[in-house]
Structures are given as structure tokens and as C-alpha cells.
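Colleague: When you get a sec, could you give me coordinates for this:
(one chain, ligands or ions: 1)
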Amino acid sequence: MPNKPIPRKFSTSAPLRGTMRVPGDKSISHRSLMLGALAVGKTTVTGLLEGEDVLATAQAMRQMGAEIERAQDGTWTIHGVGVGGLLQPAQALAMGNSGTSTRLLMGVIASHGISATFTGDASLSRRPMGRVIEPLSLMGASFSSSPGGTLPLMIDGSLPAVPVTYRLPVASAQVKSAVLLAGLNTPGITTVIEPVPTRDHSERMLRGFGAELTVEEVNGERYIHIRGDAELQPQDIVVPGDPSSAAFFIVAALLVPGSDLIIENVGLNPTRAGIVTVLRAMGGSIDELNPREVGGEPVADLRVRHSALTGIEVDPKLAPSMIDEFPVLFVAASAAQGRTVTSGLDELRVKESDRLCAMAAALSAVGAAVSETEDGLIIEGTGGELLTGGGPVITHLDHRIAMSMAVAGLASRDGVEIDDTRPIATSFPGFEALIAKVAA
Ligand code: S3P
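Modeller: Below you'll find the model as predicted:
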């Protein structure tokens, strides 16, 4: 990342039109690299997200012995070392801004006989790691972390590790995945109990790579079992477009008058698609064209047309299926007719920034009527009027705050000034160029 912030003003947009694609899914991209590195032999990945977060995962897997290359045509190949075959990294693993890389790799390392140091940027170094330290310690790994269970931290993996049955105390796909990945090299059966379902890419992909993983439902909870000492078979993976990235363009097209936009190849895994459900319930015109399957995930092209939106009370049960999309939903709500109420969003306070606080401040600064509660925001929409605009708004090293407020700028009268656009590259390289393309 460049040393100095790169501010930018996002001005009132022409209608968004034409056909576009968003980059590959971030969650699936991280997992492709990790599982590819843990398989024996050559895995290929097309459509990998080449954002800074995913590149941090690639670099870490290289440091632990995997050979990872990108061909001219954008295909990635990974020569894996096999479960149990990771090597002691010589240097600290630099995780940048990426919580997913950090938490999932802590799981991977927990059951290998190696140790590693994790470092991160200022945002990542504030985020809680206790939620993975706890179950991985039960499995035998030991940790020495910075005060408050944060980075920088050191992990000593345990070989052999001990299988556990662990009930998730927070709805977190990262914690679930950390324990399942640790289970890969742990003799016996490791079980994660998930009271509230979260994104299931790890389960789908672990099975795809040949792990013995089963899921049963017991009294409304998901019990996920993985058999350890697994052998993973290399795969050819096609990564679908990231619904979390598509969400910025969906909301932009709904808000900017005259828009009629097709976003191709969007992943619509039900554990990720909550934003589409909620925007439709608000009156958003979002059609699914050409539904199909890509890389074991449901995918469609989305046609999004400018729509008059109405405020809504968002069911907190939907939160895990749209956990990364609340910042941009808040933007949509700010321009809707009437009141939007959200709750049950405590987890937003421990993302790349405190997203409730950051979005309340940013939206208020550009003319929206927002009040912050303990676990959500309440927003009185403009009734379809453009937001006033203004700024500079503060992004707190959080890519999704930056992109959400860029979308607010497109649907504002005077434009919105963002203090720093650098974080966008963590998950969505090419975001600004795509806006220029579809708003031309
Ligand atoms: C992710 C899980 C979510 C999400 C993050 C990616 C994953 O985090 O916010 O962007 O790939 O497993 P939590 O597990 O903390 O909810």
C-alpha cells in the first residue's frame, strides 16, 4: 500500500448502464490457496481475486513451502505440500489488513509442528483473535499474543493436535473455518457446532478437495464433523464473482436515476445472498438471469434497475448472510422512503473498523439522518432525494467504508469526498475503473 492516504471525491453519477463483472469471491479465493497448498500435487485456480488480502494468503502459503504462481492468462497454480507438510516459515507472516488470512491460517498452523508470528496493519492489529485462540488452545496449540488477544502474536502448533467438539460462541465463519482447518491434520473427528449458520464455503470446498466432512442438523443447530489425517486431492477451481463486491454496484444502480446495469457471474450462495433479499424487500428491482453453477456455487447474472426504495426493519436473523453488506445497505437506506431499523449487529464493531460508528459518522457528514444504537443503526431516508454530499469522510483503513461512501457520492448532489481510497485494493482492485466504465 502507498505510504500516504489517497483522497478522492466521488461525484454525482450518470446512469449506470451496460454489462460488467466483479472480481472473484474473496472467501473462496483465500480457501483455494490454503486448500491447494494442503493438497498433494497441482491445483489450478481461475478467477482468483488478486486483492491485497488474498495475496497475503498466497505469500504466507509460499513461506510455508507451497509453490504458487500466476500465469500470463491469470490462471494460478499451486503445488501443494500435503496436509501435515507445511514448513516452518523463516519470517513473520505479514497479514496486512486481512482478518480471514489471519484466523484461517492460525487454524491451519495449529495442528502442524511449526510455529509462526503473525503481524498486521493498524486495523488488523486492533481486531480480536481470542475467538480463535480459545478453540485452537483446546486442540493443543499455544499462543502468545499482544494485550487483548491481538496481533502481533505467536503460535506454536501442536503435533499431534487433539480433536474437540466446539460450539461457536459467535456467528463467525472464520472461527468455524479455523477449527475445521485445524481438524484436517488432527487424528480423529473434530466437530464444530454452529447455532446460527454462516457462510459455508469451507464445508463445500473441503468436501470438494476430498476431505471426509459431514453436516447434520440437531435441534436446529448445524453439527459439522471433519475426519483428521485427511488427504486432500488437488482441484481445478473456478472462483465465482464476489457478491460482497457486487453489492456496491447493485446499490449504486438502484440509487442513481436512469440506471439499468447487468452484473455477470455473481455468486449467490444462500449463506451470502441476504443483501439481495433485503434490497428486493425494499422495492429494489434485481432480476436473476441465467442461473447456473460455477465451482460448486450457485451463480447468476443480475439485472439491476433504478428503483424507489422503502425503509425496512431488517430481520437480525439475516445478518450472517449479509454481514459484510451492512455498510452499503445503510447507504441504500439513507436514500429510501421512510425508516430503516437494523439490530443484532454487534459483530460490525469488530470488523476492519467499527462499522456502526464509522458509517453513522460518515453518513451524517453527507446529510443522512442516522442514529446509532448499541447493536445497529436507525436511518430516516430522504424519500428518494439525492443525499447532500460533503466530507471528507473517514474510512479508518476499511475498504467497505470507502466503497460504500463512494456509492453514496454517486447518489449525492454535491459529491462525497473520501479521505483515503487505498484500502479498496484489499478486496476490489479496479473498483474505480469499473465505476468510470459503467457510468460513462
Ligand atoms: C469471512 C467471514 C466473515 C466476513 C469476512 C470473510 C470468511 O467474517 O466478515 O469478510 O471468509 O470466512 P466473520 O467470520 O468474522 O464473521
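
Colleague: And the strands in the stretch 101-250 of the chain?
Modeller: With strands called from DSSP state E, counting those that start in this stretch, the stretch 101-250 of the chain shows them at 115-119, 142-146, 150-156, 165-167, 189-194, 213-218, 221-227, 236-238.

Colleague: Residues of the stretch 251-400 of the chain that sit close to the ligand?
Modeller: 323-324, 347 (C-beta under 6 Å from any ligand atom). C-beta here means a position set from N, CA and C on the backbone, and glycine is covered the same way.

Colleague: The same query, at a cut-off of 5 Å, please.
Modeller: Proximity of the stretch 251-400 of the chain to the ligand, by C-beta under 5 Å from any ligand atom, involves residues 323-324.

Colleague: do the same with the stretch 51-200 of the chain
Modeller: 100, 172-174.

Colleague: If we use 8 Å, what do you get?
Modeller: Residues of the stretch 51-200 of the chain that fall close to the ligand, judged by C-beta under 8 Å from any ligand atom: 99-100, 103-104, 131, 170-177, 198-199.

Colleague: Tell me the buried residues within those.
Modeller: 99-100, 103-104, 131, 171-177, 198-199 (16 or more other C-beta atoms under 10 Å).

Colleague: Of these, which belong to helices?
Modeller: 99-100, 103-104, 131, 173-177 (DSSP state H).

Colleague: now the residue in the stretch 1-150 of the chain that the ligand sits nearest to, nearest residue through space, not along the chain?
Modeller: Residue nearest to the ligand within the stretch 1-150 of the chain: Ser27 (3.3 Å; C-beta to the nearest ligand atom). Using C-beta to C-beta, 6 or more residues apart in numbering and skipping the chain neighbours, the partner closest in space to Ser27 is His201 (4.9 Å).

Colleague: Report the contact partners of the one you found.
Modeller: In this structure, His201 makes contact with 25, 27-28, 31, 173, 269, 297, judged by C-beta atoms under 8 Å, 6 or more residues apart in numbering.

Colleague: Among these, which one has the most neighbours?
Modeller: Asp25 (32 neighbours; other C-beta atoms under 10 Å).

Colleague: any idea how far the closest residue to that residue other than its chain neighbours is from the ligand?
Modeller: In this structure, Asp25 finds its nearest non-sequential neighbour in Asp242, 4.2 Å apart by C-beta to C-beta, 6+ apart. Separation of Asp242 from the ligand (C-beta to the nearest ligand atom, to the nearest Å): 10 Å.

Colleague: Which pLDDT does the model give Pro2?
Modeller: We have a pLDDT of 87 for Pro2.

Colleague: Could you pull up the residues touching it?
Modeller: Shown in contact with Pro2 (C-beta under 8 Å, 6+ apart): Arg422.

Colleague: Ala37 now?
Modeller: 61, 64-66, 68, 78, 80-81, 86.

Colleague: Of those, which is the nearest to Leu138?
Modeller: Leu86 (20.9 Å; C-beta to C-beta).

Colleague: Dump the buried ones among the residues of the stretch 51-200 of the chain next to the ligand to JSON lines, plus distance to Ala358 and pLDDT.
Modeller: As requested, these are exported to JSON lines (distance: C-beta to C-beta, whole Å; pLDDT from 0 to 100):
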{"residue": "Gly99", "distance to Ala358": "16", "pLDDT": "98"}
{"residue": "Thr100", "distance to Ala358": "19", "pLDDT": "98"}
{"residue": "Arg103", "distance to Ala358": "21", "pLDDT": "99"}
{"residue": "Leu104", "distance to Ala358": "25", "pLDDT": "99"}
{"residue": "Arg131", "distance to Ala358": "21", "pLDDT": "98"}
{"residue": "Ala171", "distance to Ala358": "21", "pLDDT": "97"}
{"residue": "Ser172", "distance to Ala358": "20", "pLDDT": "98"}
{"residue": "Ala173", "distance to Ala358": "22", "pLDDT": "98"}
{"residue": "Gln174", "distance to Ala358": "20", "pLDDT": "98"}
{"residue": "Val175", "distance to Ala358": "23", "pLDDT": "99"}
{"residue": "Lys176", "distance to Ala358": "26", "pLDDT": "99"}
{"residue": "Ser177", "distance to Ala358": "26", "pLDDT": "99"}
{"residue": "Thr198", "distance to Ala358": "22", "pLDDT": "98"}
{"residue": "Arg199", "distance to Ala358": "23", "pLDDT": "98"}
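
Colleague: picking that back up, my guess is the residue nearest to Asp25 meets Gly24, correct?
Modeller: Yes. Here Asp242 reaches Gly24: they are 6.3 Å apart, a contact under C-beta atoms under 8 Å.

Colleague: which residues do those two both contact?
Modeller: Taking C-beta under 8 Å, 6+ apart as the criterion, Asp242 and Gly24 both touch Leu49.

Colleague: picking up where we left off before, pipe the contacts of His201 into CSV and attach secondary structure per row.
Modeller: As requested, the contacts of His201 are exported to CSV (DSSP: H, G, I helix; E, B strand; the rest coil):
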residue, secondary structure
Asp25, coil
Ser27, helix
Ile28, helix
Arg31, helix
Ala173, helix
Asn269, coil
Glu297, strand
